[in-house]
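A.B. asks: just coords:
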């Protein structure tokens, strides 16, 4: 799936945002379970407040949220566990704790926490959404759809419920039901960008022009969305409508200059229209953005041969392709060919 779509409750507290160089992140704090953890100045500030108010659960959640954003999931678990010990009635605490377990590849405790919340209150739609989404990611589709149905029994036209149903159907290969679910999603929420992207992709595969309308709806919501811009570009590219494809690749590159996929696809397009010089420039951008893009080096070398680039540079690119491509057979053959010349 394009991105993880985690549903969260609002946690009613302020988070201090601090902009600083990573070299300045030198404060060390002790978590409640004895873990040694690295903290930002913002974390250090909250830690000082915790020393003064050790029974304030919101402070542990504030620090836990910051640890979570830093990817320090063990520290998050420690703080959220402490917060729940102090106040087990705030279900937002349970949600963040479940996220920390899940993102640290501990799915069993994550699911158990959410299931425990639902046992206490089976009407909590946000918790059901989070649980169903985690189950979907784990490919526990039957359990996920069961929880989606519980959501729709409470709120029969819930757009996120239909979207999650669509993701489950999509992963199990039931494309027809997935499309129906995504269409229902946008009927209930005309600004559901992700559902429009899904519909655009499915109808593109079916070679139906309505795919463009769905991408356009996504761009109506966010005119800079990279998936929508790339979706339209690829739709035109596949059908040899190169002028329209170039337009959308260039627009995508303007908004997302550090996305190597855009430059690479644009390079392939220019090879197809016999413009090897421009193709070389696009592949050059791609490998500048992603130094380990093996196919970018391969095609930069390929384009370089066609425009008479220095042989040593071409050989170096093919060698880089051999180092980084999952299947470097073509790059090795190109090197062997050049060695014989």
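C.D. replies: That came in fine, so what should we check first? Owing to the predicted nature of the structure, the values given are computational and were not obtained by experimental measurement.

A.B. asks: which non-adjacent residue is nearest residue 199?
C.D. replies: residue 214 (4.2 Å; Cβ to Cβ, 6 or more residues apart in numbering). In this view, the C-beta of every residue, glycine as well, is placed from N, C-alpha and C.

A.B. asks: Surely that neighbour touches residue 203?
C.D. replies: Yes. Counting by Cβ atoms under 8 Å, residue 214 touches residue 203, with 6.5 Å between them.

A.B. asks: follow-up on the earlier one: what sits against the residue nearest to residue 199?
C.D. replies: Contacts of residue 214 were listed using Cβ atoms under 8 Å, 6 or more residues apart in numbering, and they are 196-197, 199-200, 203.

A.B. asks: so where is the stretch 101-250 of the chain shaky, pLDDT-wise?
C.D. replies: Per-residue confidence for the stretch 101-250 of the chain (pLDDT under 70) gives no ranges below the cut-off.

A.B. asks: could you pull out the strands for the stretch 201-341 of the chain?
C.D. replies: Remark: no strands are assigned in the stretch 201-341 of the chain by DSSP state E, counting those that start in this stretch.

A.B. asks: residue ranges for the helices of it, please.
C.D. replies: Assigned by DSSP state H, counting those that start in this stretch, the stretch 201-341 of the chain shows helices spanning 210-221, 226-238, 242-255, 260-272, 276-289, 294-306, 311-324, 329-340.

A.B. asks: now the helix or strand residue 167 falls within, how far from the centre of its chain.
C.D. replies: Residue 167 is part of helix 159-171, with elements assigned from DSSP states H and E. Taking the mean of its C-alpha atoms, helix 159-171 sits 17 Å from the chain's own mean (Cα atoms, centre = their mean, to the nearest Å).

A.B. asks: List the neighbours of it that are in contact with it.
C.D. replies: For helix 159-171, using Cβ under 8 Å, 6+ apart, the contacting residues are 1, 5, 7, 129, 132-133, 136, 139, 141, 144-145, 148, 151-152, 155, 175, 177-182, 184-186, 188-189, 192, 194-195, 198.

A.B. asks: Now that helix: buried residues?
C.D. replies: Neighbour-count burial for helix 159-171, with 16 or more other Cβ atoms under 10 Å as criterion, is recorded at 159-170.
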